[in-house]
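>>> I need the structure of the sequence given here:
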Amino acid sequence: MRPRLLTSVLLLPAFLVSSLLFSADPRPELPPAQRVTFDGNTEVGAALKLLHEKTRIPVEDRRGEPDTKIDLHLKEVTFWEALDRIAAAAGAEVDLYAADGKLALRKRTGRPPLTGPQTVSYDGRFRTAIKRITGSVDLETGERSYVGVVEVAWEPGTQPYFLNTRVDALTLDGRKAAGSGGKNQFVYRQNADQFETALPTPPPDAKTIGELTGKVSVVAPSRIATFAFGPLDQIKGMPKQEDGKVVCRIEDVKLSGNNWKVKVSMSYPPGNAELDDTHSAYQIAATNELVLESKDGKRRFVALPSYVPAATPTSVVVEYNLTKDNRPTGEAKDWTVSFRAPAAVVRVPVAFTFKDVPLP
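Sure, this is the predicted structure:
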């Protein structure tokens, strides 16, 4: 198979994953979401600090105004519900799409949010919101149709590879509807993503949707395995490393004055979930990381693959080409090498419920 450039891999359409990728038996799952409890008055900065301590998820205060006192009453809520409650109390909103990729609070502008409808739903590590509903009328038949814009966010530590936008178990006011289209959207290194989905048509005289429920899913690593190999100038020919049934090998190393080239392979146990094709495997392989750390531990450099020569549900080969312009300074002997890749990748359902949502 001809090598594929990383840029080509990341731009490929994300084809449908049939069930799980690289899963082990028993089926791995994501760890449960952390819960937060707080009752009392505090400042916004202190609330964000407490949230960080409880969940290990940092959120920056970018409201651009002095810290203020807020009153919080949280009992065993998820990270997302706690963050939304902090934002609401501070008259702020959560920024999921900051240019630097960090979660932040920003000052709310424009009209205040609707207070009656429930347009945000929480499910463990995930937050789902219905952002917009648009309606249209067929002028020949008079038939109405509606499209909703749905947003799914996840805790940063979860970091899915794909958001599958097919909505299953869709129910509007107790009436079940067929699954709505859907595709795999590549969302690596994002905090959230949005998609459009057709909504069941409510009764002709309906002004609101009483209750809308359904499920989407994400494809995410249940955990990331780290394989430590030692000094860069000594890793060629080193024995394989194993994490359970996952095997990592350094296939080749070429070190010159200007270029460092490292080829790594991963083998996964057979007989688990299969892909309809290998395109999704290529996209996931393109996220594997080669980590260089200085021997004194003060400097760290993370590289993504330059090429993915091969990728299947049971094996991956990735190449890293570090030139003098895109690698850390120093000699190969100054850096130790580790490799980070998913130990297992799972499909995780994300359920949502919205209530009393106004119709256009």
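
>>> Now name the helix or strand holding residue 121.
Here residue 121, judged by DSSP states H and E, is contained in strand 120-123.

>>> for residue 212, same thing?
Assigned by DSSP H and E, residue 212 belongs to strand 208-231.

>>> So which elements touch that strand?
Using 3 or more Cβ pairs under 8 Å, 6 or more residues apart in numbering; DSSP states H and E, the elements in contact with strand 208-231 are strand 126-137, strand 144-154, strand 162-172, strand 241-243, strand 246-255, strand 335-358. The way it works is simple: take the backbone N, C-alpha and C, and place the C-beta from them, glycine included.

>>> how big is the angle separating it from strand 144-154?
On the basis of axes from the mean of the first three to the mean of the last three Cα atoms, to 10 degrees, strand 208-231 is oriented at 30 degrees to strand 144-154.

>>> rewinding a little: how about the helices and strands packed on strand 208-231, which one is nearest residue 224?
Residue 224 lies closest to strand 335-358 among the helices and strands packed on strand 208-231, at 5.4 Å (Cβ to Cβ).

>>> Next, the angle strand 246-255 makes with that closest one.
Using the same axes, to 10 degrees: strand 335-358 against strand 246-255 is 130 degrees.

>>> distance between strand 335-358 and the chain's centre?
Chain-centre distance of strand 335-358: 5 Å, with Cα atoms, centre = their mean, to the nearest Å.

>>> doesn't residue 87 make contact with residue 94?
Yes: applying Cβ atoms under 8 Å, one finds residue 94 in contact with residue 87, separated by 5.2 Å.

>>> Now render the helices and strands packed on strand 208-231 as CSV, adding distance to residue 29 and mean pLDDT.
Shown next, in CSV, are these (distance: least, Cβ to Cβ, whole Å; pLDDT from 0 to 100):
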stretch, distance to residue 29, mean pLDDT
strand 126-137, 14, 95
strand 144-154, 15, 95
strand 162-172, 17, 92
strand 241-243, 17, 94
strand 246-255, 17, 95
strand 335-358, 6, 92
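
>>> Out of those strands, flag the one nearest residue 210.
The nearest among the helices and strands packed on strand 208-231, by Cβ to Cβ, is strand 335-358 at 6.6 Å.

>>> Is it possible to get a markdown table of the helices and strands packed on strand 208-231 that adds mean neighbour count and distance to residue 62?
Output for these, formatted as a markdown table (neighbours: other Cβ atoms under 10 Å; distance: least, Cβ to Cβ, whole Å):
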| stretch | mean neighbour count | distance to residue 62 |
| --- | --- | --- |
| strand 126-137 | 17 | 19 |
| strand 144-154 | 19 | 17 |
| strand 162-172 | 20 | 25 |
| strand 241-243 | 15 | 38 |
| strand 246-255 | 17 | 39 |
| strand 335-358 | 20 | 27 |
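
>>> And the ones you listed: which comes nearest residue 214?
Proximity to residue 214 (Cβ to Cβ) singles out strand 162-172 among the helices and strands packed on strand 208-231, at 4.1 Å.

>>> Point out the other helices and strands that the closest one packs with.
strand 144-154, strand 184-186, strand 192-199, strand 208-231.

>>> Kindly recompute the last result at 6 Å.
Applying 3 or more Cβ pairs under 6 Å, 6 or more residues apart in numbering; DSSP states H and E, one finds that strand 162-172 contacts strand 184-186, strand 192-199, strand 208-231.
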